[in-house]
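>>> Kindly generate the corresponding structure for this input.
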Amino acid sequence: MLGVILAATAVLIALRFVGFKTMFGMATPVDMSFGSLMIWMFHGTLAGMTGAATGGLLLAAFLSLGRYVFGYNTVRRNGWRMEKHAVPSPLGGWFKRWWQRLKGVAQGQAQAAMQRAAS
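Residues are numbered from 1 along each chain as shown. Purely as a prediction, here's the structure:
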């Protein structure tokens, strides 16, 4: 259990520095380093290796889903500078529009509930 918490903490610390879309753009190095970290932490038993393999597969699935739904940023070198290039989602902003509509419905319901409570 402690290993899972440490691995999740490592991913969250990395997200603090690079952001979601950049991490989606670096899916292969993130997946390989996370998988190696999990294997190193859980080696020794069959159950530990099964947990490490399952954790690696789940991370790969979430990274692929995130790339598809939200898009990603690629980082390229231009001389001495590093430049980010945005790659849009194949969904074409469908998820963003749906999320905004969902937030609007939730805000409208909250306002209606507050008006009912006030009267």
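>>> going forward, measure contacts between C-alpha atoms and count neighbours the same way
Noted.
>>> Would you map the helices across this structure?
2-18, 20-25, 27-42, 46-70, 94-118 (DSSP state H).
>>> Please identify the most buried of the ones you listed.
For those, the largest average neighbour count (mean count of other CA atoms under 10 Å) is found in helix 20-25, namely a mean of 22.
>>> helices or strands next to that one in the packing?
helix 46-70, strand 72-78 (3 or more CA pairs under 8 Å, 6 or more residues apart in numbering; DSSP states H and E).
>>> hmm, 10 Å instead?
helix 2-18, helix 27-42, helix 46-70, strand 72-78, strand 81-87 (3 or more CA pairs under 10 Å, 6 or more residues apart in numbering; DSSP states H and E).
>>> Can you pull the domain assignment for this structure?
Here the domain parsing of the chain from automatic domain parsing is 2-88, 93-119.
>>> With mean pLDDT as added columns, please give those domains in TSV.
Converted to TSV, these look like this (pLDDT from 0 to 100):
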stretch	mean pLDDT
domain 2-88	84
domain 93-119	76
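>>> Touching, residue 71 and residue 94? I think so.
No: Residue 71 is not in contact with residue 94 according to CA atoms under 10 Å; the separation is 11.7 Å.
>>> burial measure for residue 86, as a count.
14 (other CA atoms under 10 Å).
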